[in-house]
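S.K.: quick one, what's the 3D model for this:
(3 chains)
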Amino acid sequence: MTRISVTVDGVRYDDDVEPRTLLVHHLREQLGKVGTVVGCDTSNCGACTVLMSDPDGRLVGVKSCSVLAVQADGREITTIEGLAGPGNTLHPVQRAFHERHALQCGFCTPGMIMAAVDLLSENPDPTDDEIREGLEGNLCRCTGYQNIVRAVRDAAAAAREAGTSAEPEPPTVEAVDAATPDGGLPSEGTPDEAVPQPVP
Amino acid sequence: MTVTEEREVGSPRRRKEDARLITGRTMWTENVVLPGMLHLAILRSPVAHARITHVDTSAARELSGVVDAFSGRDVADIQGGLPCAWPVTEDMVHPDHPPLAVDEVRHVGEPVAVVVARSRAAALDALAAVEVDYEALPVVLDLEAALADGADLVHADKGTNRSYTWVFDSGEAGTGEAVDAALDGAEVVIKRRYRQQRLIPAFMEPRSVVVDPTGDQYTIWSATQIPHILRFLVSAITGTPEHKVRVVAPDVGGGFGGKLQVTPEELIAFVAAKRLGKPVKYTESRSDSLVSAHHGRDMIQDIELAARRDGTITGLRVKLLANMGAYLGLVTPGVPILGAFMYNAIYKIPAYRFECTGVFTNTTFTDAYRGAGRPEATYAIERIMDELAVEVGLDPVEVRRRNWINADEFPYTTVAGLTYDSGDYEAATTRALELLGYDELRREQAQRRDSGDTVQLGIGVSTYTEMCGLAPSRVLGSLRYGAGGWETASIRMLPTGKVEVVTGTSPHGQGHETAWSQIVADQLGVAFDDVEVLHGDTRTSYKGLDTYGSRSLAVGGIALYNACQKVVDKAKPIAAHMLECDPADLEFTGGQFRVRGNPDNGKSLADCALAVFAAHDLPDGVEPTLDADAVYDPVNFSFPHGTHLCAAEVDTQTGRVAIRKYVAVDDIGRVINPLIVEGQVHGGVAQGVAQALFEDAVYDADGNLLSGTFVDYTLPSPADLVDIVTDRTESPAPDHPLGTKGVGEAGTIASTPAVVNAIVDALRPYGVNDIQMPCTPERVWRAAQGGGA
Amino acid sequence: MIPAPFDYARPSTVEEAVAALADEDAKVLAGGQSLIPLLRLRLAAPTVLVDLAGLDALRGVHSDGDDLVIGAMTTHASVLADPLVNRYAPLLAQATGTVADRQVRHRGTLGGSLAHADPAGDLPAVAVALDATLEIAGAGGRRGVPAADFFVDYLTTALEPGEVLTSIRLPKRGEGWSTRYEKFNRTAQGWAIVGVAAAVRRENGGIAEARVALTNMGTRPVRAAAVESALTGASADAETVRAAAGHAAEGAEPTGDLSASAEYRSHLARVLTERAILAALGQAHAA
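M.R.: Modelled structure (predicted):
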């Protein structure tokens, strides 16, 4: 067993782990962070993506199924469960995924959202192609990705408008669709509704 | 009569489900942890066909933390056999399918032995200590060779690799003429062989099951599409009384037909939990999943089309070989049969014959995968319609127009004996052509051909229909299916006027909690947020037939609608009593009962709910409840349709295919939530495109699955797909009050032939008339070199 | 799946690392992006993993006279973002940008990729094309191995048991050089079916020097020497490039697998070489 200390979603945890323990299993089974899931065993699907500090202290997206828990010793980690702001305010990417119907079964969603957050931290104004390439390490079987691309685009716009330190504003369903005929998303008549809050 | 304002239905409500899914607070089966829970690991066969000459789990049992280890021989008498609910013919060969192999293994990945331990790691470690000796048997892989005289056998005791041969003949059935005559005398006959490669559903959430035996009660959590069917069959297979089995499908991460199964792993976990009297969990790895969860498609399609020189079809003959794999799963034999009614598609065909032979091989068993039978049929007919167009010198759209059922001809009884409810193929096609810019792209295509551009342009057309809303029970009975096709809904009116809906459908990404709330909100005049939808637990939803085959809204939605009407009917006399009027004078609108002509005088449904809760002052003889149940058995299938067009650029130097533009115009009847519908179309098209371009489950000559991880079974990533353009036309379903038809599989059914037609169209000048799927760069490049691939 | 058990060492000096590797079933853990999936599938079962993450000296890029020296533990993401790499070895940056995905590039390292020596990996061909020297430490001291000699066979390098790859030394190729890594894969996540690493130096409108190496055209990266000599001293026009690219597969022994046959790989090598060189020359391929 090896003693490690990791800070996850703002809380420090000191544990003894077997060297072979994958970070994702440490998060799920020892720390109860079951929001992060395992979808494959070859690092293809990205469902387990979390943010982890690199040696320079910068939070970057990593696949927690391809990191050993011992490699995370001394690092800081943000999971899907630590993304929301104070009072469970949804992160702009979470909000945009909801607004844009960027998820169906939702299994890939935690990893997809974390990968999108990682992408936007490096490129706050990506083109659609850059979004698609930036998320190439994440697989989704339900959505065909189109609404995920829209959501990331919206979240980027919302974050830019709000500024980095401001409270995230809800993204608007705007005229981005007007350019292409799109039977699924009427540009008007969108009901005004509250964004659901996380289950307490 | 009740009048309802429709405020919710048709609106793009954001989903209720999202709140837990975007915050990581989701209840996947893998998240279930119970006190004292043990972990199960499965040793799987490394060989495709062998006799098990020796198996010994005793060394594994000695290891630290190992609680139990056993093989198929240890539980042969109690483990039961896996069910096939669809014996398509009276004489179908239906081999035993033990959850754990006993004497023989018949595909790589078949479970052989298990270890149960206190941790997953300990269980996995101990698998290495299980001793198994195999004596190799001949491996059967090729469908045609498997049917030859003297072929090696997958099941030696059955004496054949043929499971069944199922025939539909319009001459014999009286739905049309005899096909032989049509083919013999035809001006044009086109004959093709198409291959549906083997696919893997590849839901993102690996399968997981927890079985908790407490007293004589068994609670099974499972990542399944079919909690109700699973409960019924676990009870039947294990002899556990049905009321002692509870199945919970918590949040389920995708299915696509892949979780429409009673699995070996579920039964093995049940056996282990029962042996130990402790909760047991099994969660598969992705590589286990790819080799052991059922596969899909895998057919050889021989298709012959007879036509006149003007392009009018005069006959169609289809002969299939369908790969069952090593065993029959829940509906394995029926999957190709669902396609039998769809090869004639949207066309008026006078003579039709369909023959399908199910064949055993030493491969993972196949079963339903999104579309189940219908994508295969649509692919074959839409591919050969393009060949007909070339043969008779017509535009591919025009040849379809000359044959399709016109809007004024519905309801239309087809040569396959189904009655199509409604549709307008012209309208959907016209819209799709407009959105694509068809004429302009044809001009560009001509220019590229003339200039000998190394990048050629092709346009693929796919005009499809499908049958949704599985299914009228009497039809299922006539097809020898083992169950009915009804669905249930219950409404529970709480005293505060809030509503609980219990549905027999079992969503795993489809958004039923949202769409069902929209329907109830309109029908009962309550707020969208005042409706809670309960599903997937046989304790709350004790009866239902679950979610597959685009049936949930088209069947379960109608049950829900009917249950709402019953609630209103029950509330009306109570409202009348409170308003001191005759019930006949009341109208119900916007959640209020009002006296006609006196709109200020009213009582809400919530008032009635509180009144029955108190029950202090109800009309004589009125039961103090508004709750209502409904079961709906559809009178017919529903038949969505649409036109998908794909423009693809083909790099003739490398064989790379790039989709330039994709248009999907779907007519799925009335729409409850356009946001959800659009999502279903996006995802469906992506899966269909993936069949055309990317996915292929490949076995080597020894029966090893080469595509056994996501490295080699290549799902498209965001960077491999493009945005598509979607639109809709609307022909409401006439058979029920919601007018909905179903959309879960439409995109998958339509898109595969659209893409392949586009690629073939691009390479016509190179003498190409077919490319085997998936159209990999190498196959496309080879085709461009010399016509064949 | 969960890896089989192993011991874990985290040395803080190269000497400690070398000592820890004394066990014959020990294995170096760099970024782990190839190794950990193999451990999970139990296709590898080392007794001890020697994690080099504690060796700060193995991280980073610095200039050393005419050379660029990149620490073996420098992540792909750091390589991509490094101004020296982009100035003096843009080909490496281009190829690194095509490696796997963002998350993997955050963890995976240049040294790990080279030492893993997967024939389908993108970076070995770049190391060969750029005449890199791989700097190695072992019990017997330090040595440098030219990239052309480092890659021995499928997943096999010149690293002896107990040796550690410490850094990669590249001659600076800035001014006058233009480069392109042309990768062809079936899906974005897929390994290269064929990749072409090309660098050319123009002088007076012609090609003064050319370096071309191929990914996945054999069990180790292949230098396309015939292409290089056909280009050297030639004019930079499309016809010349096409003719030169026709030699791309000469001497290569590609294998066939699930994603491509050997014949198709040879064909692709020619097409992609032409495209890579034209792109490096700033000309679109004649599509």
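S.K.: that's a helix at residue C:8, yeah?
M.R.: No: counting by DSSP: H, G, I helix; E, B strand; the rest coil, residue C:8 is not part of a helix but strand.
S.K.: and the chain, what are its domains?
M.R.: Unless you meant another one, I'm taking chain A. Taking automatic domain parsing as the criterion, chain A consists of the domains A:2-82+A:170-198, A:86-162.
S.K.: please refer instead to chain B.
M.R.: B:18-25+B:486-632, B:32-137+B:205-253+B:259-292, B:296-470+B:636-784.
S.K.: where's the residue in chain A that chain C sits nearest to relative to residue A:115, distance?
M.R.: Nearest residue of chain A to chain C (CB to the nearest CB) works out as residue A:137 at 2.7 Å. (Glycine included, C-beta is placed from N, CA and C.) Computed as CB to CB, to the nearest Å, the residue A:137 to residue A:115 distance reads 7 Å.
S.K.: need the winner for burial among the domains of chain B.
M.R.: Compared across these, domain B:296-470+B:636-784 shows the largest average neighbour count, a mean of 23 (mean count of other CB atoms under 10 Å in any protein chain shown).
S.K.: got the end-to-end distance for that domain?
M.R.: End-to-end distance for domain B:296-470+B:636-784: 29 Å, by CA to CA, to the nearest Å.
S.K.: if we can go back for a sec, what is the burial count for the spatially closest residue to the residue of chain A closest to chain C that is not a sequence neighbour?
M.R.: Using CB to CB, 6 or more residues apart in numbering or on different chains and skipping residues adjacent in sequence, the residue nearest residue A:137 is residue C:101, 2.7 Å away. Residue C:101: 26 surrounding residues under other CB atoms under 10 Å in any protein chain shown.
S.K.: give me every residue that touches residue C:101.
M.R.: Residue C:101 is in contact with A:46, A:136, A:137, A:138, C:188, C:189, counting by CB atoms under 8 Å, 6 or more residues apart in numbering or on different chains.
S.K.: how about a cut-off of 10 Å?
M.R.: Neighbouring residues of residue C:101 by CB atoms under 10 Å, 6 or more residues apart in numbering or on different chains: A:43-44, A:46, A:49, A:61, A:63, A:115, A:133-138, B:717, B:719, C:33, C:108, C:188-189.
S.K.: so which of these belong to strands?
M.R.: Members of the contacts of residue C:101 lying in strands (criterion: DSSP state E): A:49, A:61, A:63.
S.K.: the second one against residue A:80, yeah?
M.R.: No: using CB atoms under 10 Å, residue A:61 is not in contact with residue A:80; the gap is 12.0 Å.
S.K.: before we move on, back to that, can you flag the buried ones in the contacts of residue C:101?
M.R.: A:43-44, A:46, A:49, A:61, A:63, A:115, A:133-138, B:717, B:719, C:33, C:108, C:188-189 (16 or more other CB atoms under 10 Å in any protein chain shown).
S.K.: in a helix, residue B:710, correct?
M.R.: No: assigned with three-state DSSP, residue B:710 falls outside any helix and is coil.
S.K.: so what's residue 145 up against?
M.R.: Because you didn't say which chain, this covers chain A. A:102, A:112, A:131-132, A:135, A:138-139, A:152, B:682-683, B:686, B:716-723.
S.K.: was after chain C, sorry
M.R.: So, once contact is read as CB under 10 Å, 6+ apart, residue C:145 ends up touching C:132, C:133, C:134, C:135, C:136, C:151, C:157, C:158, C:159, C:163, C:165.
S.K.: what about the fourth one, which SS state?
M.R.: The one in question is residue C:135. Under the three-state scheme (three-state DSSP), residue C:135 adopts strand.
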